[in-house]
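Asker: below: sequence and its predicted model.
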Amino acid sequence: MKKLVFLLCCATGVMAQTGEIRNPRTSPEDVAAGAMIFRSHCAQCHGIHGEGGRGANLAGGIFYHGSSDADLLRNISEGIPGTEMPGTFFSDNQVWQVISFVRSLSERAVETRVAGEPAAGEPLFRGKGGCLRCHRVNGEGGRLGPDLSNIGSSRSMKHLREALEKPDSEVLLPFWRVSVTDRNGKSYSGFRLNEDTYSIQVLDMEERLHSFSKKDLQSLKIEKTSVMPSYATVFSDRELGDLLAYLSSLRRKARTQ
Amino acid sequence: MRRFALTLWILAAAPLTGQQITYERLLNADREPANWMTYSGTYRGWRYSPLDQIKRENVQKLKLKWVYQMSAQDVGTTHQVNAAHTVETTPLVVDGIMYFSEPPSNAVAVDVKTGRPFWRYRRSLPRKINVCCGQVNRGVAVSGDRVYIGTVDAHLVALDAKTGAVLWDVEVADYRTGHSITVAPLAVKDMIITGISGGEYGIRGFLDAYDAATGKRKWRFWTIPGPGEPGNET
């Protein structure tokens, strides 16, 4: 009998999940209210016109973590695990207004392509640029730089160009540079994977993991600069365009819900 | 049960250099009692540790050394925390680093001495997942310099053991038909082996083996005979 009740519970759980959630706030007033919230809280990463920057381009009508109203509600309210997208503190009504505004963007999508050929950019990425020494694409490459397998869907062209020309302009937390000297005088340098008041976790340049107690260190230096050199003078304008086109083409398939 | 605490064994002062986890090491896991490199300890599946430092006479003296706070937020549902999330993981310990999973399908690497994380893989999950008995995970597998985890949306994922970066992510089965993975994968030679959940929703069960390097499926063994196979008529 217990088993029967249990199975019934399971079946009910599935059925309860099938109802579709729809955006109840889609009037022009809602779009305008959503635009206000977007400009003050979302535009910093996603761009004032949703064209993308540090955050994904939202103006193309393609949302890589789900395109349904329910997906957008969840992703804006709770953030997206494994990405830099945080959750927000807005009411559902406010989030619905933001969703209405974001959907209105794709109706007047902005051009974000560069003049360049992805096929010509890939050999530059692998060869002249030596990018795979530190960066990984779909499992191939090094681990000393960010994984770029999906970089095209999470960064705007403008942001990618800036990262190539001025790598120090924005460095992600796990890639801040750390130099430490332990109590025996031995020095390590690498990346700041994690840190708290008492300890710091480091991936050194030989790709070994260390966890240091700060009280045991003679010195600790953290620099928010990148180990990546600027590629502004390494490539010609045309090569840079090809490389950007290649980076922009690195996208995972959008999830179907 | 959102928190779990672990008192630490006294470990040999192993550097966190993270040697490669070879098949030979896994095969002879009983020779490295300070490590716990596969779900059941060794391929024998005894789940028995020969370490004898902690015994009946001194067990009452164990003290809390550190606490690791697991994620309280459930991203599988909208605007609610799913109370069905319980911790069912078996932590692996390899050369001073502990690898374990968090519900629903996250993985983490922490320093065994302090419990501080080196990295954390948080899986983005679709909204509608059919798991009969809670979105749980039993643990990860390690092989080479990679960590493997099965997910409740029925994918198998390879992560870099040093950074948690995703190396490959393959669909084992369609989660929309009731398939899910809660079991810890098993690393054998160059293969990662996983089972599947979903019997409560009438799925046909199987065991799969995937190429550890590429994620390409090597074989599938159906545990329920199909039409024309012996036993299908029963």
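Answerer: Structure received.
Asker: what residues does chain B put near chain A?
Answerer: For chain B, the contact set with chain A under CB under 8 Å from any CB of the partner chain comprises B:15-18, B:73, B:75, B:78-79, B:97, B:106, B:109, B:111, B:113-114, B:116-119, B:121-128, B:130, B:132, B:158, B:160, B:162-163, B:165-168, B:178, B:200-201, B:214. No exception for glycine: its C-beta is placed from N, CA and C like everyone else's.
Asker: give me the buried subset of the residues you listed.
Answerer: Among these, those buried by neighbour count (16 or more other CB atoms under 10 Å in any protein chain shown) are B:16, B:18, B:75, B:97, B:106, B:109, B:111, B:113-114, B:116-119, B:121-127, B:130, B:132, B:158, B:160, B:162-163, B:165-168, B:178, B:200-201.
Asker: lowest-pLDDT helix or strand in chain B?
Answerer: Lowest mean confidence among the helices and strands of chain B (mean pLDDT, DSSP states H and E): strand B:3-6, at a mean of 40.
Asker: so residue B:201 versus residue B:154, what's the distance?
Answerer: Taking CB to CB, to the nearest Å as the measure, residue B:201 falls 12 Å from residue B:154.
Asker: same thing with residue B:163?
Answerer: As for residue B:163, its distance to residue B:154 is 25 Å (criterion: CB to CB).
Asker: now swap in residue A:244 and tell me
Answerer: When residue A:244 is compared with residue B:154 (using CB to CB), they lie 36 Å apart.
Asker: tell me which of the two has more neighbours.
Answerer: Legend: neighbour count by other CB atoms under 10 Å in any protein chain shown for residue A:244 and residue B:154, higher for residue B:154 (27 against 24).
Asker: residue contacts, residue A:154?
Answerer: When contacts are counted by CB atoms under 8 Å, 6 or more residues apart in numbering or on different chains, residue A:154 touches A:55-56, A:64, A:83.
Asker: tell me the one of those residues nearest chain B?
Answerer: Proximity of the contacts of residue A:154 to chain B (CB to the nearest CB) peaks at residue A:83, which lies at 7.4 Å.
Asker: and the strands in the stretch 101-250 of chain A?
Answerer: Secondary structure of the stretch 101-250 of chain A (DSSP state E, counting those that start in this stretch): strands at A:136-137, A:140-141, A:177-182, A:187-195, A:199-204, A:209-213, A:217-223.
Asker: let's have those in CSV, adding distance to residue B:31.
Answerer: Formatted as CSV, the strands of the stretch 101-250 of chain A follow (distance: least, CB to CB, whole Å):
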stretch, distance to residue B:31
strand A:136-137, 33
strand A:140-141, 34
strand A:177-182, 30
strand A:187-195, 30
strand A:199-204, 28
strand A:209-213, 23
strand A:217-223, 35
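Asker: which of those strands sits closest to chain B?
Answerer: Nearest to chain B, of all the strands of the stretch 101-250 of chain A, is strand A:209-213, at 3.6 Å by CB to the nearest CB.
Asker: let me see the ranges of the strands in chain B.
Answerer: For chain B, the strands defined by DSSP state E occupy B:3-6, B:66-69, B:92-94, B:97-102, B:106-111, B:117-121, B:141-143, B:146-150, B:155-160, B:166-171, B:186-188, B:191-194, B:206-211, B:217-222.
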